[in-house]
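Asks: take a look and give me a structure for this.
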Amino acid sequence: VQSHALSHDRACLLAELEGVRLTIVNDMADQVTDDDHGAQDCTWNLVWKPDLDLMTGPQVAQWCSSSSSSMPSSHEGLDPTSGDPADFYRDLAFLHYSMLSQITSSGVNPSKPHLQKYMDWARRQVRRVEAGETPHWEPSWPTLAKDLNYRNALMNRLEQVNAQGRVHVAVARHLDQLVVGQMDPLELLFGSSLLDSLYAELSGSDTSAFTQLGEYLQLYSHKYPNARYLEIGAGTGGTTAAILHSLGEKQGQLEVTGPRYQEYTYSDISEAYFDAAKTRFERYPGLLFRRLDIEEDLLSQGYTPESYDVVVGANVLHATKDLRATLQKARALLRPGGKLILFEITAPALGRSGFIMGLLPGWWLSSEDYRSEGPCVPLSTWDTLLQETGFTGVGQEFRDYRSDACHELSVLISSRQAPSPVS
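Replies: Model (predicted):
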């Protein structure tokens, strides 16, 4: 048998088989019982997937979006065109405007530097909203913001929707105390399961961004089943769970034998997360748990350059002082052609994350001028920074929602550029 596979335009030979002999050993179809079929299914499966390296960017995007759902089922008030939860995010935007306009007009003057920055940001955010520079603005909002009964009813409704609603309402109810230092935001956010629930929700399998990432990882691991993964800032493991599910669970209806990775390193700046993570992910083989501070020297921490095929960072790289330097460190860990997968806030002007996280000192660590209003940057800045630090730019973006009015978070995928050949 001789077989050839050609590209769509028949200009490129993709695969060639020569000298293959196919022989029917015996036709025993009539003699196979149901028990025999079950035994066969336990010993082999045939799984076909496209070759990721032969697909164009648009082809990858189309493949990954074909089975994605852009809307968690817990929402109501979906936009009929996009399927996005427009009503929920409009209510959330009003709550932010109402609370920020209240504290900025109250004459509050915080003593702590990071809370002073929060107040400066809040004033600018109110002006942006009133100028119509953000989605959802309505002329009735300034009057409606003074209606405490309406606001309280709105908060009661929002906190019943999902984890995102609960954490935003919790901050809104105590914002007056938080900005003057009468209440510790760390205790409010980390003293309960508020943030853990939020992180798990944002990286859940029913969100569009992570559904598409799951499809991408199945393509990647189908081509590279022995890849070595490193997750930076794994924390409580919300993103880890989604990724390991894609690498080690079912592909469609067929059970794949064994995980489709060689090694997965679960790293964080704090080792306090490791015991819980070891218990949570004990059924997955090949997991290593190592401390990593991505801002410190990698060699002194025992990390070998160019030793990973995939580096993952979920809402962690922006939390460093120098984003360009951090990307260079991530690049050093990757082999040439290796993948960098980020989950980041790419629409920071909405102010959703700033409303909550801006109350923490770590939100204001950025040293660059272009991050003076917070650590997160838009998609165009990510693309530029990646290209400037030895990556190919943003090769794929998987958004949480289709519409700009709802979209805030993106999964970004880039590749480390191979070294230029020496002439």
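Asks: count of residues packed around residue 149?
Replies: 7 (other C-beta atoms under 10 Å). For every residue, glycine as well, the C-beta is placed using N, CA and C.
Asks: what about it? Give its phi and psi, please.
Replies: When read as degrees, to the nearest 10, the backbone of residue 149 gives phi -60, psi -40.
Asks: quick one: low-confidence ranges for the stretch 251-400 of the chain?
Replies: Along the stretch 251-400 of the chain, segments meeting pLDDT under 70 span 251-257.
Asks: is residue 289 bridged to anything, and to what?
Replies: residue 266 (DSSP bridges).
Asks: quick one: contacts for it?
Replies: 265, 266, 267, 271, 274, 277, 278 (C-beta atoms under 8 Å, 6 or more residues apart in numbering).
Asks: just those now: which is nearest residue 240?
Replies: Comparing the contacts of residue 289 against residue 240 with C-beta to C-beta places residue 266 closest, at 6.2 Å.
Asks: tell me how far the spatially closest residue to residue 52 that is not a sequence neighbour lies from residue 18.
Replies: Spatially, and ignoring its direct neighbours in sequence, residue 52 is nearest to residue 219 (4.5 Å; C-beta to C-beta, 6 or more residues apart in numbering). Distance of residue 219 to residue 18, computed by C-beta to C-beta, to the nearest Å: 27 Å.
Asks: over to residue 221?
Replies: For residue 221 relative to residue 18 (C-beta to C-beta), the value is 29 Å.
Asks: quick revisit: for the residue nearest to residue 52, which three-state class applies?
Replies: helix (DSSP: H, G, I helix; E, B strand; the rest coil).
Asks: that one: neighbour count?
Replies: Neighbour number of residue 219 under other C-beta under 10 Å is 20.
Asks: quick one: the strands in the stretch 151-300 of the chain?
Replies: 228-232, 263-268, 287-291 (DSSP state E, counting those that start in this stretch).
Asks: wait, which of the contacts of residue 289 is closest to residue 58?
Replies: So of the contacts of residue 289, ranked by how close each gets to residue 58 (C-beta to C-beta), first place is residue 265, at 32.2 Å.
Asks: where is the longest strand in the chain?
Replies: Under DSSP state E, the strand in the chain containing the largest number of residues is strand 334-345.
Asks: in it, what counts as buried?
Replies: For strand 334-345, the neighbour count (16 or more other C-beta atoms under 10 Å) marks 334, 335, 338, 339, 340, 341, 342, 343, 344, 345 as buried.
Asks: how far is stretch 355-372 from where the chain is centred?
Replies: Distance of stretch 355-372 from its chain centroid, counting by C-alpha atoms, centre = their mean, to the nearest Å, is 19 Å.
Asks: related to what we said a few turns ago, who has more neighbours out of residue 221 and residue 18?
Replies: A count of neighbours by other C-beta under 10 Å puts residue 221 above the other of residue 221 and residue 18, at 24 against 8.
Asks: ok, that one touching residue 262?
Replies: No. Using C-beta atoms under 8 Å, residue 221 is not in contact with residue 262, being 10.4 Å away.
Asks: phi first, then psi, for residue 416.
Replies: phi -70, psi 130.
Asks: mind listing the residues bridging to it?
Replies: residue 391.
Asks: how close does it get to residue 3?
Replies: The value you get for residue 416 to residue 3, if C-beta to C-beta is used, is 34 Å.
Asks: which one's more surrounded, these two?
Replies: Ranked by neighbour count (other C-beta under 10 Å), residue 416 and residue 3 place residue 416 first, with 24 against 9.
Asks: now the longest strand of the chain against strand 228-232, angle please.
Replies: 40 degrees (axes from the mean of the first three to the mean of the last three C-alpha atoms, to 10 degrees).
Asks: C-terminal to strand 334-345, what's the next element?
Replies: helix 352-357 (DSSP states H and E).
Asks: buried ones in whichever helix or strand comes after that next one?
Replies: As assigned by DSSP H and E, the chain's next helix or strand after helix 352-357 is helix 379-388. Residues 382, 383, 385, 386 are the ones in helix 379-388 that count as buried (16+ other C-beta under 10 Å).
Asks: what's helix 379-388 packed up against?
Replies: Judged by 3 or more C-beta pairs under 8 Å, 6 or more residues apart in numbering; DSSP states H and E, the packing partners of helix 379-388 are helix 323-333, strand 334-345, strand 409-415.
Asks: turn the ones you listed into a markdown table, columns for distance to residue 24.
Replies: Below are the helices and strands packed on helix 379-388 laid out as a markdown table (distance: least, C-beta to C-beta, whole Å):
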| stretch | distance to residue 24 |
| --- | --- |
| helix 323-333 | 50 |
| strand 334-345 | 42 |
| strand 409-415 | 44 |
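Asks: nearest to residue 360, of these?
Replies: strand 334-345 (14.5 Å).
Asks: what does that closest one contact?
Replies: By C-beta under 8 Å, 6+ apart, strand 334-345 touches 203, 209, 213, 220, 239, 306-315, 317-318, 330-331, 353, 376, 382, 386, 391, 408-419.
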